[in-house]
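Q: Any chance you could fold what I've pasted below:
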Amino acid sequence: MSGNEKIQAQKQMIEELETQAAIDLENIKACLETLKLQQDVEIRIDGQWQEQEPQGLNVRYSYLYQQYGSLLQRLVFLLNSFGDVKRAIPYVNISVEANKIAQPQIKAFQEKIKTRIGALESENKKLREENKIFKQNNAGLNKSISNKHDQIKKLEATLVRTQTTDIRKPSTKVAQRLLNTPKDASNDEIKAIREKARTRIEALKKENKKLRATSNSSKHHIKGLKKALRKKKNEIKCLENRVKNMTTKIKNLSSEIENLKIAKDASDKAWKESRNVLQEMQVQHSTEDKWLEDDRNHLREKIEMLKEKFRKEEGKTTKEEIDQVSEKKSVQPRIHTEEEDSFAVFIPLTIAESNCKLMVKAEGCNYRYGLDISNYDVVAVVNFEDSVYLYSEVSEVEEKLCTCQYKVYCLAWNQQGTLLAIGGSHEKSKNNTIQVWDIPARNITKSLKIRDTDENCYCLDWKGDTVTAGTDNYIYQWNINDLDNDQDIHGNEALLPINAVYVEFGNSISTVQWSNCKSKLAAITEHGNMCIYDEQLNLSHKTKAYDGKCYALLQWCPWDNEVIATCCTDVDLKVWRVQQGITLITEVRHEYGVYNIKWIPSENAIITADNNQQLILWEYPSLRALRTLKGHTDIPCQLALNADKSAIISRSSHEIIFWEPFDEFEIQSASQEGTSTEEGEDNGSDDVDDVDSDLW
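A: Below you'll find the model as predicted:
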């Protein structure tokens, strides 16, 4: 099977997998929507188990169990356990139902007993108060009767004594007067005396009559008092009988209350025993139910997590797609308006090589990092040494971003493809040599200050919001979000570096690059001195990769954070491993001086650009040459991979070539093109010194 057939088979397989994944995703979403409508339904145990609930759960969750095998086994186990528990404890349901039915009756009986006891106690209290009042009234009546008896006796004695005295007294006095009448008294005097006596007797008789009438009325009054006394005695007897009856009734009620209390205590004891038994059964049942509920909740949480994940992924994907579309549109090169200069710089040229996709004219830049591609496939390129352009391969639209007041040596996009760092030569009249452009806004967002001495910036790299630069003697770092270091010593607006490391080898730094995991920084000088730093720019390892002034470059392997490839104009391509130290893994002698290098992740390969105006694709780790690409009219000093790393762009001082994707290349040994490499041997060796001087 040829390479193209293999590729087509792989593409077809990928499409089938994507189609199946889309179908599975739709099914899961539909199932989740169904579950969303039923998520508030809870399984309750109210005395009678509903056989439909476990079956309903089994039906609702069956599809998810098919999608997630582990959940299926767990749920089947839970449903079996659910049925075993249900069959094992039927008496629990009966006891629960009986207890629930008996509870209202017990409570009603207790309330009735409490009401009856309260009524009896109130009546008992009332009767006791009435008995107390009756006793007080009885004592008062007895005392009053006794007083009346004493008064009657006193009145009777006084009356008898008075009547006797008053009746007898006049006759005695009359007799005495008659006896004391003188003998010599005349008849007239005797008559007068007698008359007087007679008058006195009549008066006494009248008085005696009055006294007798008074005595009779007193006797009648005494009789009335005795009658009232007898009536009061009868009332007292009635009250005593009533009190006796009340006392008997209270005793009966007390005994009834005691019986009710005994019955209540017996009922409470039986209820407590029943409640304890029921609580034990409920504890056992609730424990088993809790296990099942925990498992159900665990399943629900997993389902909710999956739903939330799908919801977030869907919303996130939609929002990210909108943001990406908007951002991608904002960073694309803009078409010139009529007022702006419409002079075209990148003019399409005739394609001479079959693997070339597009070739455009470009002028005047031999610096190795004067070309970079963003993750939106926007090419930033230096033209005429001081101008920076944006160019799109798809639309073939170019836009002049800026013209700097100094030579531009290097460009670097950030990971998001929205910020572009521009570095170059130092000018004493300027406050900085590095500018950070906000491409969507088309303005300078930060100016990065190096030093007040003459230093040039030869290379740049990003680590999040941190910019790292290599200069003549130092490695600098700036955080573009740092608000505390936004002025230099002269008060000019410029962001000061947060870190600066002096390179002890004392020559220009040609490359600084962070590893793919951003934990290690590699730097190499133009004389081949390679250093490895940690995240705080502390030196970890160093080695001499090449001897002499060889204009060395390096590149981290994108899929192995411990592997580095290096090249130089002295024709050696080397691969190193960085662990406890820096160890050379393999190397190959290149036929011509190498001016740039890139790793190709899709092919597990390395591509080099040499001074024979060609690109060579090397298999890794064998470093066997796979293919040679020709088409440049000058040395291709600049290389960059497109956003998905499937194709490469190369640039010389005359043109930029956009190459076809690597998977469309046919594997071909470089030995089959030996004749073509020999043709440019003399020309390449003659121009090495001239090109090297232009690179720096």
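
Q: what separates the nearest residue to Phe346 once chain neighbours are set aside from Thr350, distance-wise?
A: Nearest residue to Phe346, sequence neighbours excluded (Cβ to Cβ, 6 or more residues apart in numbering): Val360, at 4.1 Å. Yep, even glycine has a C-beta here, placed from its N, CA and C like the rest. From Val360 over to Thr350 the distance is 11 Å, taken as Cβ to Cβ, to the nearest Å.

Q: now swap in Ile635 and tell me
A: Ile635 is 20 Å from Thr350, by Cβ to Cβ.

Q: and if you look at Arg368?
A: Taking Cβ to Cβ, one finds Arg368 at 27 Å from Thr350.

Q: Comparing those two, which residue is more hemmed in?
A: Taking other Cβ atoms under 10 Å, Arg368 and Thr350 do not tie; Arg368 has more neighbours (24 against 6).

Q: where does the stretch 501-650 of the chain dip in pLDDT?
A: Along the stretch 501-650 of the chain, the parts satisfying pLDDT under 70 run over 505-506.

Q: Quick one: list the elements packing against the helix ranked longest in the chain.
A: With secondary structure taken from DSSP state H, the chain has its longest helix at helix 187-331. Other elements packing on helix 187-331 under the criterion 3 or more Cβ pairs under 8 Å, 6 or more residues apart in numbering; DSSP states H and E are helix 3-38, helix 69-88, helix 90-179.

Q: which stretch in the ones you listed is the model least sure about?
A: Ranked by mean pLDDT, those bottom out at helix 69-88, with a mean of 49.

Q: Could I get the buried residue list for stretch 192-199?
A: 193, 197 (16 or more other Cβ atoms under 10 Å).

Q: what is the rounded mean pLDDT of it?
A: Averaging pLDDT along stretch 192-199 yields 76.

Q: What of stretch 217-231?
A: pLDDT averaged over stretch 217-231 gives 80.

Q: buried ones in it?
A: Those would be 222, 229, for stretch 217-231 by 16+ other Cβ under 10 Å.

Q: pull the CA atoms of that stretch into CSV?
A: The C-alpha trace of stretch 217-231 is given here as CSV (Å, rounded to 0.1, in the frame of the first residue of the first chain):
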residue,chain,number,x,y,z
SER,A,217,-93.7,38.0,122.9
SER,A,218,-90.2,36.9,124.2
LYS,A,219,-91.5,33.3,124.4
HIS,A,220,-92.8,33.6,120.9
HIS,A,221,-89.4,35.0,119.8
ILE,A,222,-87.6,32.2,121.6
LYS,A,223,-89.9,29.7,119.8
GLY,A,224,-89.1,31.3,116.4
LEU,A,225,-85.4,31.2,117.3
LYS,A,226,-85.6,27.5,118.2
LYS,A,227,-87.5,26.8,114.9
ALA,A,228,-84.8,28.7,112.9
LEU,A,229,-82.1,26.8,114.9
ARG,A,230,-83.8,23.5,114.0
LYS,A,231,-83.9,24.6,110.3
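
Q: Tell me where the stretch 401-550 of the chain has strands.
A: Along the stretch 401-550 of the chain, counting by DSSP state E, counting those that start in this stretch, strands occupy 408-413, 419-424, 434-438, 443-448, 459-463, 466-470, 474-479, 499-502, 509-514, 521-525, 529-533, 539-544.

Q: Make CSV out of those strands and add mean neighbour count and distance to Asn216.
A: Shown next, in CSV, are the strands of the stretch 401-550 of the chain (neighbours: other Cβ atoms under 10 Å; distance: least, Cβ to Cβ, whole Å):
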stretch, mean neighbour count, distance to Asn216
strand 408-413, 25, 148
strand 419-424, 25, 142
strand 434-438, 20, 141
strand 443-448, 17, 141
strand 459-463, 22, 142
strand 466-470, 25, 141
strand 474-479, 21, 138
strand 499-502, 14, 143
strand 509-514, 22, 146
strand 521-525, 26, 148
strand 529-533, 21, 148
strand 539-544, 15, 149
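
Q: would TSV of these with distance to Glu313 be doable?
A: Putting the strands of the stretch 401-550 of the chain into TSV (distance: least, Cβ to Cβ, whole Å) gives the following:
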stretch	distance to Glu313
strand 408-413	27
strand 419-424	28
strand 434-438	30
strand 443-448	32
strand 459-463	28
strand 466-470	30
strand 474-479	32
strand 499-502	38
strand 509-514	29
strand 521-525	34
strand 529-533	38
strand 539-544	39
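
Q: Of all these, which one is nearest Val378?
A: With Cβ to Cβ as the criterion, Val378 lies closest to strand 408-413 of the strands of the stretch 401-550 of the chain, at 8.0 Å.

Q: Let's see that closest one as PDB, backbone CA atoms only.
A: Provided in PDB are the C-alpha atoms of strand 408-413 (Å, rounded to 0.1, in the frame of the first residue of the first chain):
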ATOM      1  CA  VAL A 408      14.900  44.800  13.400                       C
ATOM      2  CA  TYR A 409      16.700  41.600  14.200                       C
ATOM      3  CA  CYS A 410      14.000  39.400  15.600                       C
ATOM      4  CA  LEU A 411      10.200  38.900  15.900                       C
ATOM      5  CA  ALA A 412       8.200  36.600  18.300                       C
ATOM      6  CA  TRP A 413       4.400  36.000  18.600                       C
END
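
Q: tilt between it and helix 187-331?
A: With axes from the mean of the first three to the mean of the last three Cα atoms, to 10 degrees defining the directions, strand 408-413 sits at 130 degrees from helix 187-331.

Q: From the contact counts, what lies against strand 408-413?
A: strand 371-373, strand 378-383, strand 387-392, strand 419-424, strand 459-463.

Q: what's the spacing between Asn245 and Asn252?
A: According to Cβ to Cβ, Asn245 stands 10 Å off from Asn252.

Q: Then Trp514?
A: 103 Å.

Q: ditto for Arg194
A: For Arg194, the distance to Asn252 - Cβ to Cβ - is 85 Å.

Q: now swap in Glu603 and tell me
A: Distance from Glu603 to Asn252, by Cβ to Cβ: 111 Å.

Q: Which one of the two is surrounded by more residues?
A: Glu603 (20 against 11).

Q: Give me the three-state assignment for that one.
A: Assigned with DSSP: H, G, I helix; E, B strand; the rest coil, Glu603 falls in the coil class.

Q: Provide a list of residues in contact with it.
A: Neighbouring residues of Glu603 by Cβ atoms under 8 Å, 6 or more residues apart in numbering: 617, 626, 662-663.

Q: backbone phi and psi for it, please?
A: Per-residue torsions, Glu603: phi -110, psi 0 (degrees, to the nearest 10).

Q: a helix runs through Ile616, doesn't it?
A: No. Read with three-state DSSP, Ile616 is strand and lies in no helix.

Q: What is the neighbour count of it?
A: A count of nearby residues for Ile616, using other Cβ under 10 Å, gives 23.

Q: Isn't it up against Leu623?
A: No. Under the criterion of Cβ atoms under 8 Å, Ile616 makes no contact with Leu623, lying 10.4 Å away.
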